[in-house]
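Visitor: below are the sequence and a predicted model; questions follow.
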Amino acid sequence: DAKTTQPPSMDCAEGRAANLPCNHSTISGNEYVYWYRQIHSQGPQYIIHGLKNNETNEMASLIITEDRKSSTLILPHATLRDTAVYYCIVRGYNNNDMRFGAGTRLTVKP
Amino acid sequence: GAVVSQHPSWVICKSGTSVKIECRSLDFQATTMFWYRQFPKQSLMLMATSNEGSKATYEQGVEKDKFLINHASLTLSTLTVTSAHPEDSSFYICSARAPRGGGSQPQHFGDGTRLSIL
């Protein structure tokens, strides 16, 4: 699987959009970009995933660059409950497991 | 949505005892489940892949005789930490994926089991 690079930490003001970047410059054509988050002492929570096109669901939006070498997770109106570690993972169609990097610790401040 | 249930959520036991953790997929059949371990302030580390009806596949450095995995049905995988010692204290998390769709389908995670060995 391609490796990802994320900033170790970010802050965001409550109510503002949180934009979390992820670099995956070695991604290959059949690899999906997944985002999960982990709130303290809980299991990871699935947020969103995509292959080429931008995606949006009730939690977030995923913007993937045209060359697919990077992506951005957008939480449109961050709340205090969005404080968590956010993981960006790439996984191929034929790959079974999911491997986590260090992630980005997002702190939403009042 | 898909739900994975893990039990127990928290266990404390004496050194030398064995501890069993259960992972159930509640609304889908999972031919494959995964077990992770997470130490404080670290990321999740994949320990093993559990395959229904066959032997588990362990990651390098994970002792298969120490961490026994049984995947006896399409909805249940168990992890037994045998003869647990304080260094086995950790947060253990399982996950499962619906069988169809390969990498295009997300994995869903349990809420984890915090194991403390005294």
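Guide: Received the coordinates, thanks.

Visitor: spell out which parts of chain B neighbour chain A.
Guide: Residues of chain B that fall close to chain A, judged by Cβ under 8 Å from any Cβ of the partner chain: B:4, B:6, B:32, B:34, B:36, B:43-46, B:49, B:91, B:93, B:95, B:97, B:102-104, B:106-112, B:114. Where C-beta positions appear, they are placed from N, C-alpha and C, glycine not excepted.

Visitor: below-threshold pLDDT in chain B: ranges please.
Guide: Applying pLDDT under 70 to chain B flags the ranges B:1-2, B:100-103.

Visitor: next: chain A.
Guide: Applying pLDDT under 70 to chain A picks out residues A:1-2, A:94-95.

Visitor: near chain B, which residues of it are found?
Guide: A:30-32, A:34, A:36, A:38, A:41-46, A:49, A:51, A:87, A:91-103.

Visitor: taking the residues you listed one by one, which sit in strands?
Guide: A:Glu31, A:Tyr32, A:Tyr34, A:Tyr36, A:Gln38, A:Gln45, A:Tyr46, A:His49, A:Tyr87, A:Arg91, A:Gly92 (DSSP state E).

Visitor: so the last one makes contact with A:Gly29?
Guide: This means A:Gly92. No. In this structure A:Gly92 lies outside contact range of A:Gly29 using Cβ atoms under 8 Å: 9.3 Å.

Visitor: buried set for the strand or helix carrying A:Pro21?
Guide: Under the criterion of DSSP states H and E, A:Pro21 resides in strand A:18-23. Applying a neighbour-count criterion of 16 or more other Cβ atoms under 10 Å in any protein chain shown, one finds A:Ala18, A:Leu20, A:Cys22, A:Asn23 buried in strand A:18-23.

Visitor: so which elements touch it?
Guide: Contacts defined by 3 or more Cβ pairs under 8 Å, 6 or more residues apart in numbering or on different chains; DSSP states H and E place strand A:18-23 against strand A:9-13, strand A:31-38, strand A:70-75, strand A:84-92, strand A:104-109.

Visitor: need those strands in a markdown table with mean neighbour count, can you?
Guide: Formatted as a markdown table, the helices and strands packed on strand A:18-23 follow (neighbours: other Cβ atoms under 10 Å in any protein chain shown):
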| stretch | mean neighbour count |
| --- | --- |
| strand A:9-13 | 14 |
| strand A:31-38 | 23 |
| strand A:70-75 | 20 |
| strand A:84-92 | 23 |
| strand A:104-109 | 17 |
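
Visitor: let's have those strands in TSV, adding distance to B:Ile69.
Guide: Below are the helices and strands packed on strand A:18-23 laid out as TSV (distance: least, Cβ to Cβ, whole Å):
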stretch	distance to B:Ile69
strand A:9-13	34
strand A:31-38	23
strand A:70-75	32
strand A:84-92	21
strand A:104-109	31
